[in-house]
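Colleague: Fold the stuff below for me.
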Amino acid sequence: MNYFTLFGIFFILWWIVFFIVLPLNITTHMDRNIDIEGIHGSVPINPNLLYKLIITTFVSIIILLILIAIFYFNILTIDGILGIN
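Modeller: Below is the predicted model of the structure:
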């Protein structure tokens, strides 16, 4: 794989993992029974975005390294996926 392909896979993988991590461990205004005029009840109080960005990056790097190892050691090949022998 060249670097452009690896970056593309990492980019798509990062966004998928980010959208999985994003709703985890949030506290909303509705959870704490806080009623503020003009703010919807489902708005997070502290979304911890920096923490979630760091976690997303590390998880994406680990998954990408696993994928690289799978293709490098021929555990899974494109021909095997397509059924070509």
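Colleague: Report the contact partners of Leu13.
Modeller: 60, 63-64 (Cβ atoms under 8 Å, 6 or more residues apart in numbering). Just so you know, the C-beta spots here come from the backbone N, C-alpha and C atoms, and that holds for glycine as well.
Colleague: Try it again at 10 Å.
Modeller: By Cβ atoms under 10 Å, 6 or more residues apart in numbering, the contact set of Leu13 is 56, 59-61, 63-64, 67.
Colleague: Show the pLDDT at it.
Modeller: The model reports Leu13 with a pLDDT of 97.
Colleague: Going forward, the N-terminal residue is numbered 840.
Modeller: Got it, first residue is 840 now, which makes that one Leu852.
Colleague: follow-up on the earlier one: what subset of the contacts of Leu852 is buried?
Modeller: Buried members of those, scored by 16 or more other Cβ atoms under 10 Å, are 895, 898-899, 902-903, 906.
Colleague: Wait, Leu915 touches Leu906, no?
Modeller: Yes. Counting by Cβ atoms under 10 Å, Leu915 does reach Leu906; the two are 9.0 Å apart.
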